[in-house]
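*Asks:* fold the following, please.
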Amino acid sequence: TPVVVTTVVAQTTCFVATMSKHSVAAVLDQHPEERKTLFASANKVFSDLCDDFHQYFNKEGLPSRLQELPLLSTASMPFLESLCDVLEPKLMLPGQLIIQDASDARLFFLFEG
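*Replies:* Alright, predicted model coming up:
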């Protein structure tokens with residue numbers, strides 16, 4: 001399993017407080033109701049993100065999303081629909097590895113981010 005590392009850089013002077021994953025887990029274990037609420041909130045955010053993904057990248061929505069890209073803005077709808085037949089939309093989360101093996105040559109379309 002690859003290790004996921006997130007880099008956070010302060011843009012202005014600020015104060016931060018930190019705690020380990022172990023400490024967070026211990027506090028959540030001590031407060032099961034808050035853990036339940038926190039996880040429900042996180043699940044809602046993730047669920048909304050997935051809903052947005054499915055709305056914009058389903059079979060009907062993907063051709064128009066492609067046409068919004070400058071490279072494909074003048075492409076015909078039949079061409080865009082043919083592209084959609086072979087595209088594999090993916091929802092990538094922060095810190096997730098998009099490509100590692102350079103020998104696996106692929107064309108990527110970045111829609112947001």
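*Asks:* what's the burial count for Ala10?
*Replies:* 8 (other C-beta atoms under 10 Å). All C-beta atoms are positioned from the backbone trio N, CA, C, and that covers glycine.
*Asks:* and the pLDDT at it?
*Replies:* Per-residue confidence (pLDDT) for Ala10: 77.
*Asks:* identify the residues contacting it.
*Replies:* Val16 (C-beta atoms under 8 Å, 6 or more residues apart in numbering).
*Asks:* and it, which of the three is it?
*Replies:* Here Ala10 is recorded as coil under DSSP: H, G, I helix; E, B strand; the rest coil.
*Asks:* poorly predicted segments of this protein, please.
*Replies:* Of all residues in the chain, those with pLDDT under 70 make up the ranges 1-8, 100-105, 112-113.
*Asks:* what about 80?
*Replies:* The chain contains residues with pLDDT under 80 at 1-11, 15-18, 49-50, 52-60, 90-113.
*Asks:* for it, just list every one of the helices.
*Replies:* Using DSSP state H, the helices of the chain run over 21-30, 32-56, 62-67, 77-86.
*Asks:* adding distance to Phe108 and mean neighbour count, write those out as a markdown table.
*Replies:* Output for the helices of the chain, formatted as a markdown table (distance: least, C-beta to C-beta, whole Å; neighbours: other C-beta atoms under 10 Å):
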| stretch | distance to Phe108 | mean neighbour count |
| --- | --- | --- |
| helix 21-30 | 32 | 10 |
| helix 32-56 | 16 | 11 |
| helix 62-67 | 13 | 17 |
| helix 77-86 | 13 | 13 |
